[in-house]
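[1] Make a model of this:
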Amino acid sequence: MRKNCHTPERNMCAPGGKIAALFVDIDGTVMECQKYFDSAVNEFATLMALCGFDKKIARQTLEQSYYGSMPHRGFERENFGKAIAEAYGILCKTFGKRQNREVALICQRIGSAPFFNQPELFPNALPVLTRARHNFLIVAVTVGSREAQKYKIRQSGLASVFDDIIITLNENKAELVGEYIEDLDVHPRYSAFIGNSVRSDGAALAKTNFVYLPLETSLAGPNDRFPESKFRLFRSGNWLEVEERVINRLIRRKRNAGNVDFSAAADNPCEAMDNMDEHSA
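    This next block holds a predicted model:
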């Protein structure tokens with residue numbers, strides 16, 4: 001058994017001397033994200049109405065400019081503001097109006113607002129992840145600017161929950177999770193990725209179990225598909241269901257596999273519930 005997987009407070013040990021881990025997407029899975037972008041879109045549409053454009057056309061233009069170009073546009077923080085300014089430019093060109101420099105700057109400021117709002121966590125996300133720490137290494141996996149993502153994690157109170165953070169500007173979460181599994185000797189069968197996107201997060205199903213938690217699906221596409229995999233796909237509707245039907249089940253699998261000392265997790269509430277429902281999953 002690895003010494004670094006077993007402490008008086010935590011038991012992250014998996015069979016074969018490996019570690020059990022939970023990889024967790026941040027935006028749209030742990031904390032609300034889309035409503036801040038929706039608010040920015042509405043603010044842009046209102047601004048465009050003051051400039052003489054139709055609100056509905058303004059929204060459609062922005063959606064085509066920004067969402068239509070994702071993920072190829074990239075996930076740097078400033079790109080949303082650039083897309084809003086571009087949408088304003090497209091409207092001006094389409095309807096034969098001269099661009100106003102001050103309006104373009106306001107557009108960029110509107111686009112920066114969603115990244116530094118006070119984060120709002122989905123119900124039960126924090127307590128479920130806090131309890132899961134007794135039995136898993138907890139790793140945040142997120143796309144975006146490092147400064148903005150670390151800020152949101154700190155402001156939301158999640159900094160003490162995560163043992164590590166994977167931050168990327170590309171849609172390569174599966175690749176980075178695979179490297180992490182290899183480098184830290186994580187056991188993929190007794191681990192899982194929790195995410196809300198079939199395309200971006202779901203690709204990790206090729207590397208470990210995947211929990212599909214579609215609390216927000218803003219960038220979902222009609223052709224999004226989960227990859228073929230030897231690992232298990234779970235579907236959940238909320239964080240308590242993730243705990244009851246997935247996290248507890250992974251704990252049972254670790255225990256039933258043998259060669260794992262669970263004494264350090266004896267006081268874990270997840271374990272207490274699990275003992276009451278030994279054969280339910």
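
[2] Run through the stretch 101-250 of the chain and note the low-pLDDT ranges.
    218-222 (pLDDT under 70).

[3] mind listing the strands in it by residue range?
    Counting by DSSP state E, counting those that start in this stretch, one finds strands in the stretch 101-250 of the chain at the ranges 137-143, 164-168, 192-195, 209-212, 233-235.

[4] Give me the residues contacting the fourth one.
    Contacts made with strand 209-212 from outside it, assessed by CB atoms under 8 Å, 6 or more residues apart in numbering, are listed as 188-189, 191-196, 198, 201-202, 204, 226, 229, 231-236, 242, 246, 250. In short, each C-beta sits where N, CA and C put it, glycine included.

[5] Buried subset of those residues, written for ChimeraX?
    ChimeraX command restricting the contacts of strand 209-212 to the buried ones, with burial defined by 16 or more other CB atoms under 10 Å:
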select :188,189,191,192,193,194,195,196,198,201,202,204,226,229,231,232,234,236,242,246,250
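
[6] quick one: contacts for residue 31?
    Contacts for residue 31 (CB under 8 Å, 6+ apart) come out as 119, 120, 121, 122, 125, 152, 156.

[7] From residue 190, how far out is the nearest residue to the fourth one once chain neighbours are set aside?
    For residue 122, the nearest residue in space outside its immediate sequence neighbours is residue 215; the separation is 5.5 Å by CB to CB, 6 or more residues apart in numbering. The gap separating residue 215 from residue 190 is 25 Å, by CB to CB, to the nearest Å.

[8] Over to residue 179?
    Residue 179 is 19 Å from residue 190, by CB to CB.

[9] mind listing the helices for the stretch 1-150 of the chain?
    Using DSSP state H, counting those that start in this stretch, the helices of the stretch 1-150 of the chain run over 34-50, 55-65, 78-95, 101-112, 125-132, 146-155.

[10] tell me what the third one is packed against?
    What that stands for is helix 78-95. Secondary-structure packing of helix 78-95 (3 or more CB pairs under 8 Å, 6 or more residues apart in numbering; DSSP states H and E): helix 34-50, helix 55-65, helix 101-112.

[11] mind listing what's buried in the last one?
    Right, the one you point to is helix 101-112. By 16+ other CB under 10 Å, the buried positions in helix 101-112 come out as 104, 106, 107, 108, 110, 111.

[12] wait, what's in contact with the fourth one?
    Applying CB under 8 Å, 6+ apart, one finds that residue 108 lies in contact with 78, 81, 82, 84, 85.

[13] if we can go back for a sec, adding distance to residue 256 as columns, could you present the strands of the stretch 101-250 of the chain in JSON lines?
    Formatted as JSON lines, the strands of the stretch 101-250 of the chain follow (distance: least, CB to CB, whole Å):
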{"stretch": "strand 137-143", "distance to residue 256": "20"}
{"stretch": "strand 164-168", "distance to residue 256": "27"}
{"stretch": "strand 192-195", "distance to residue 256": "17"}
{"stretch": "strand 209-212", "distance to residue 256": "16"}
{"stretch": "strand 233-235", "distance to residue 256": "18"}
